[in-house]
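Colleague: Kindly generate the corresponding structure for this input.
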Amino acid sequence: MKSQINLLYNYGKFFFSSYTEEIKKIAKLDFNRAVFLGSGLFNGIAHESHLKLQELTDGKIICKHDSFLGFRHGPKAVIDNKTLIVYLFSNNRYSQQYEIDLVNSVNSGRNGCYKVGVMEKTYTDFR
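Modeller: Next comes the predicted model:
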């Protein structure tokens, strides 16, 4: 258990020390909706992220969370040009294929929304 806590601590420390400027830029974006997507364990993180952002903005930002699979079939209609989409990508390469396919679908059909992806390893197969 302690090794898992240390791993999470190290990931958090790396993330915030490496991406502080990007996080500040995201915080300044003009969005009024946010969608957090994650599958498996990451769906729980997406859920908590949605609740926390909505809470911290006193409901000024309306949030949603879903799995990549669930989002494709209907809920992606909530995306407009003032929506922030946060993709929490799986570490499983096979699952990432489906996740990236959804990102490419969103990218081809929605202009103007903001998109952020978080993954453990760099992958560049996005259109």
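
Colleague: can you give me how far stretch 71-85 is from the chain middle?
Modeller: From the chain centre to the centre of stretch 71-85 is a distance of 12 Å (CA atoms, centre = their mean, to the nearest Å).

Colleague: how's this structure carved up into domains?
Modeller: As recorded under automatic domain parsing, the domains making up the chain are 1-29, 31-118.

Colleague: Format these as CSV; extra columns: mean neighbour count and mean pLDDT.
Modeller: Heads up, the C-betas are built off the backbone N, CA and C, glycines and all. Below are those laid out as CSV (neighbours: other CB atoms under 10 Å; pLDDT from 0 to 100):
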stretch, mean neighbour count, mean pLDDT
domain 1-29, 10, 89
domain 31-118, 16, 90
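
Colleague: which stretches of this structure form helices?
Modeller: 2-18, 20-27, 41-56, 68-72, 93-109 (DSSP state H).

Colleague: between the second one and helix 2-18, how many degrees?
Modeller: Angle of helix 20-27 versus helix 2-18, following axes from the mean of the first three to the mean of the last three CA atoms, to 10 degrees, is 80 degrees.

Colleague: Check which helices and strands helix 20-27 sits against.
Modeller: Using 3 or more CB pairs under 8 Å, 6 or more residues apart in numbering; DSSP states H and E, no helix or strand is in contact with helix 20-27.

Colleague: Tell me how far the most centrally placed residue in the chain lies from residue 92.
Modeller: With distances taken as CA atoms, centre = their mean, residue 86 lies nearest the centre of the chain, 2.1 Å away. Distance check for residue 86 against residue 92: by CB to CB, to the nearest Å, it reads 19 Å.

Colleague: for residue 88, what are its contacts?
Modeller: 36-38, 42, 45-46, 49, 118-119 (CB atoms under 8 Å, 6 or more residues apart in numbering).

Colleague: Residue 71 too?
Modeller: 35, 37, 102.

Colleague: can I assume the second one is in contact with residue 64?
Modeller: No: with contact defined as CB atoms under 8 Å, residue 37 does not count as touching residue 64 (9.2 Å).

Colleague: Understood, closing this out.
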